[in-house]
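# Okay, predicted coordinates and the sequence, questions at the end:
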Amino acid sequence: TVGNNRPNGWACNDAGTYPASGEATLGPRVMQFTGGGDFKFGFYVRQSDASKPGFIEYGSTNGYELPLVFGNYCLTFNCVAWAGSPYLKAEVITPNGNVLASTIVQCTKSVNKNTAASTANSAFGYLSFYNITKGNYKLRFTPCADANGSSGSWLEAVVGDVNFRYMG
């Protein structure tokens, strides 16, 4: 099933540990929302401890690389808060670990820990960038406490409708 799953290709860091892909009823996982709205499936990600990382990323798992070439790229996504109103940082990370591009979006819509809620009026994230170095990159989403990307405890967000495109 898609719901309650950690999909192949997506790595997650949950309070400093990397849970394996597969069935997951707790922690970072894909959730299915039945209330309609902007997306039906979303990846729940959390930062439960300000001193330990909490993120999801694509491109760091063998067999699921994100090879980029020279040119323009565009990343779009929607996000809601699982609870409260955290921010969500989206980053494109170079093969040597530097951040090539990033954006931070506030999750103003909260589903209040309810998968039967609607994801309508979710926050929309947009990131456009130009890449000049070929290689395998990472796409990372991290919940954060403010628009500056500060860490915090129990920051929970759901990311859906992720679209990453080469624009030429």
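Happy to help now that I have it. Numbers count the residues shown, from 1 in each chain.

# Any idea how far stretch 152-168 is from the middle of the chain?
Mean C-alpha position of stretch 152-168 versus that of the full chain (Cα atoms, centre = their mean, to the nearest Å) differs by 3 Å.

# Any regions of the protein where pLDDT drops low?
1-3 (pLDDT under 70).

# And the strands in it?
Ranges of strands in the chain, per DSSP state E, are 5-6, 10-14, 22-23, 29-32, 41-47, 54-58, 66-68, 71-81, 87-93, 99-106, 123-131, 135-144, 155-166.

# can you list contacts of the second one?
It refers to strand 10-14. With Cβ atoms under 8 Å, 6 or more residues apart in numbering as the test, strand 10-14 has contacts from 6, 18-19, 21, 27-28, 43, 45-46, 48, 53-58, 60-61, 64. C-beta coordinates here come from the backbone N, C-alpha and C atoms, glycine included.

# Please save the CA atoms from it in PDB.
Only the C-alpha atoms of strand 10-14 are listed here, as PDB (Å, rounded to 0.1, in the frame of the first residue of the first chain):
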ATOM      1  CA  TRP A  10      13.300   8.500  -0.300                       C
ATOM      2  CA  ALA A  11      15.600   8.500   2.800                       C
ATOM      3  CA  CYS A  12      14.500   9.900   6.000                       C
ATOM      4  CA  ASN A  13      16.300  11.100   9.100                       C
ATOM      5  CA  ASP A  14      14.200  10.800  12.200                       C
END
